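>>> Have a look; sequence and predicted model below, questions after that.
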Amino acid sequence: MAVLSIEPLQQKEKDPPDADMPSHLAPLLLISPLSADTAGATPRYYQLYQRIKFLILNNQLQPGAKLPSTRALSCELALARNTVLRAYEQLQAEGFIIATPRGSVVSEVLAGDELSAGEITGPRYRLSLRGKQIAAEAAPSAPGKCHPGIPCLSAFPTTRWRRALLSASRQVQYCQESSPAGDIALRTAISHHVAFTRGVKCHPGQIVITEGSRQAFQLCLTLLTDAGDRVWMENPGWSGVKTAMHTANVKLIPVDVDEQGLAPPAALWQQETPRLIYTTPTHQYPTGAVMSMQRRQTLLHQAIQRGAIIIEDDYDSEFRYHGAPVPAMQGQMQNAPVIYIGSFSKTLFPELRVAFMVFPTALLALLNVPLQRLLNGGPSRHIQLTLADFIRAGHFATHIGKMRKLYRQRRQALSAGLLGLCPRQYALSSQPCGMHIILYFLQRRDDVDVVRRLRHRGITPIALSTLYHGAARRYGLLLGFGNISVDEISRLIPHIQRALNTMEGDQLPAP
């Protein structure tokens, strides 16, 4: 800790210091004069406290050393006695000195311990096995150009949002405690919206507002699984799900996907009977596959027979560019064993961090009490009321329609640019939906290295191989087009081409 040294205070007439002060107090008496607190800087009592503490921590004042009296020290340093008293009181409160009948002395508790952070080395700290699993997963990169799931923020209707925010500020009652499940105005607006646009069967009481999809899935794991329970997830699939499963200490069962979505073998239902099944049936992440009707019906009936609960993540289903959006699986039967999760992060803006869950009525009755204890009411009421007004006024639906047209143009431009690459080495995903395209490598190449090279250019796609659990089945790049204009796409393609060219000859060994 540096010792403060500023202009001396104007000397005042003082009593002579004690002639018999011990020699070990010399460092204390020789410290430079303290600064006057004329500009609202550090108070002088705190400066004195810091200097004495510094001397103690650096063994210039040894444990058991007697400090001068407050009167003597105030005279020696030309300070008011109350200033010294406050410094001593702070040192005593923190255990650096103790009061004794013979005066204040340096605490023995500090003997042999300099409280140096440098003394604390690696062996004292370790990660748990769970922490090591999480650390081993691909580190998320700061979103740049072509990062999947990032919307076009420049097209966001800022003026309409501000009006809704102003309206919400007039409605909110600061002393009113909101429901743990979220504001009823927002839950009502969401229930009407998803019933009309997604075919979800629900009423406002079935909806719970969360701070993002991760919290929603974590709640499902916390309340519905025990350690060791089997949880199915799509392979490849969202890395956030894997991280949540590691923290919940459940057994992750990766289930491969094909062109019709999640494809569990018949024997898997008996061999690895699931407690939860995580799936993205309307637009599988990352492959884009749409689960067929037959596959959906089979999954629902098997879940009922086995006592499993399906978690349907409907993360960006609004963006379908040919034909009408595919309805949610939740609405395909009455009382479906499905927890439906929706989010506004990709449709509006990521920092909104508002998601919602639709629970089956019977399940919600069981979870009511624990949910109340775990939930904090979601994001602030300001944000919830703003979003509710934004949806009710029709601005959200209008924005979705506008973005659907914009993203269709960007998808076409990015597809055209990528098709100009060597067709013998690459292929494109074909599903006309979502906010990203997959550039598949037809040979086993190092997609992680390509992403690292592109990151230096501010381009941050996701390596497809990192989304598999276990050995990767395919390699490629997930390229988002939400946050890049058509003009930017033409400028980015050459950078992508060069990064791919450096990969030539880097074929990976067979697994």
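Noted; the coordinates are in hand. Numbering: from 1, shown residues only.

>>> for the stretch 51-200 of the chain, what spans make up the helices?
Counting by DSSP state H, counting those that start in this stretch, the stretch 51-200 of the chain forms helices over residues 70-77, 81-93, 129-136, 158-171, 184-197, given from the N-terminal end onward.

>>> Show me what the last one packs onto, helices and strands only.
This points to helix 184-197. Applying 3 or more CB pairs under 8 Å, 6 or more residues apart in numbering; DSSP states H and E, we find helix 184-197 packed against strand 207-210, strand 338-343, strand 355-358, helix 381-392, helix 395-419. Bear in mind the C-beta positions are built from the backbone N, C-alpha and C, glycine included.

>>> will you turn those into JSON lines that also has distance to S178 and mean pLDDT?
As requested, the helices and strands packed on helix 184-197 are arranged in JSON lines below (distance: least, CB to CB, whole Å; pLDDT from 0 to 100):
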{"stretch": "strand 207-210", "distance to S178": "9", "mean pLDDT": "95"}
{"stretch": "strand 338-343", "distance to S178": "20", "mean pLDDT": "97"}
{"stretch": "strand 355-358", "distance to S178": "15", "mean pLDDT": "96"}
{"stretch": "helix 381-392", "distance to S178": "5", "mean pLDDT": "94"}
{"stretch": "helix 395-419", "distance to S178": "21", "mean pLDDT": "95"}
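
>>> Next, Q497: secondary structure please.
In terms of secondary structure, Q497 is helix; the call rests on DSSP: H, G, I helix; E, B strand; the rest coil.

>>> So it is in contact with L418, correct?
No - distance between Q497 and L418: 9.5 Å, which falls outside the contact criterion (CB atoms under 8 Å).

>>> re earlier: for T225, find the nearest of the helices of the stretch 51-200 of the chain.
Taking CB to CB as the measure, those were each checked against T225, and helix 129-136 came out nearest at 14.6 Å.

>>> shaky segments in the stretch 151-300 of the chain?
In the predicted model, the stretch 151-300 of the chain carries pLDDT under 70 at residues 173-177.

>>> let's see 90
Within the stretch 151-300 of the chain, the stretches with pLDDT under 90 are 167-180, 239-244, 246-249.

>>> Nearest to A303, out of the helices of the stretch 51-200 of the chain?
Ranking the helices of the stretch 51-200 of the chain by proximity to A303 (CB to CB) places helix 184-197 first, at 20.7 Å.

>>> What are the buried residues along the closest one?
Of the residues in helix 184-197, those with enough neighbours to count as buried (16 or more other CB atoms under 10 Å) are A185, L186, R187, T188, A189, I190, S191, H193, V194, T197.

>>> and if you look at stretch 88-97?
For stretch 88-97, burial by neighbour count (16+ other CB under 10 Å) applies to Y88, Q90, L91, F96, I97.

>>> gap between it and the chain center?
40 Å (CA atoms, centre = their mean, to the nearest Å).

>>> Setting aside sequence neighbours, what's the nearest residue to G420?
Of all residues beyond its chain neighbours, the one nearest G420 is I493 (7.1 Å), with distances taken as CB to CB, 6 or more residues apart in numbering.

>>> element containing that neighbour, please.
Assessed by DSSP states H and E, I493 sits inside helix 486-501.

>>> Does anything pack onto that helix? Which helices or strands?
Contacting helix 486-501 under the criterion 3+ CB pairs under 8 Å, 6+ apart are the following elements: helix 395-419, helix 447-455.

>>> for the record, mean pLDDT for the shortest one?
Per-residue pLDDT values across helix 447-455 average out to 93.

>>> How many neighbouring residues does the residue nearest to G420 have?
Other residues near I493 number 17, with proximity taken as other CB atoms under 10 Å.

>>> and of the helices and strands packed on helix 184-197, who's closest to S317?
strand 338-343 (8.6 Å).

>>> which residues touch that closest one?
190, 194, 198, 200, 202, 212-213, 216-217, 220, 300, 309-315, 328-330, 354-360, 363 (CB atoms under 8 Å, 6 or more residues apart in numbering).

>>> Parallel or antiparallel, list what pairs with that strand.
Applying DSSP bridges, strand 338-343 is found paired with strand 309-313 (parallel), strand 355-358 (antiparallel).

>>> looking at these, which is closest to V369?
Across those, V369 has its closest neighbour in strand 355-358 (16.4 Å, CB to CB).

>>> Run through who's touching that closest one.
182, 187, 190, 194, 200, 202, 206-213, 215-216, 219-220, 330, 339-345.

>>> repeat that with 7 Å
For strand 355-358, the surrounding residues in contact (CB atoms under 7 Å, 6 or more residues apart in numbering) are 190, 200, 202, 206-210, 212-213, 216, 330, 339-343.

>>> Equivalent analysis for stretch 389-406, please.
Contacting residues not belonging to stretch 389-406 are listed as 152, 155, 157, 160-161, 164, 167-168, 189, 193, 318-319, 321, 347 [CB under 7 Å, 6+ apart].

>>> Domains in this structure, by residue range?
Using automatic domain parsing, the domain ranges for the chain come out as 1-126, 183-393, 407-501.

>>> now those domains as JSON lines including distance to A142?
Supplementary listing: the domains of the chain in JSON lines, determined by distance: least, CB to CB, whole Å:
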{"stretch": "domain 1-126", "distance to A142": "26"}
{"stretch": "domain 183-393", "distance to A142": "12"}
{"stretch": "domain 407-501", "distance to A142": "7"}
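
>>> Which of those sits closest to A135?
Across the domains of the chain, A135 has its closest neighbour in domain 183-393 (10.1 Å, CB to CB).

>>> can you give me the end-to-end distance of the closest one?
Length of domain 183-393, first residue to last, CA to CA, to the nearest Å: 17 Å.

>>> likewise stretch 235-242?
Distance between the two ends of stretch 235-242: 11 Å, counting by CA to CA.

>>> Next one: the closest residue to Q215 other than its chain neighbours relative to R124, how far apart?
Excluding the flanking residues, the one nearest Q215 by CB to CB, 6+ apart is A355, at 7.2 Å. Spatial separation of A355 from R124 under the definition CB to CB, to the nearest Å is 38 Å.
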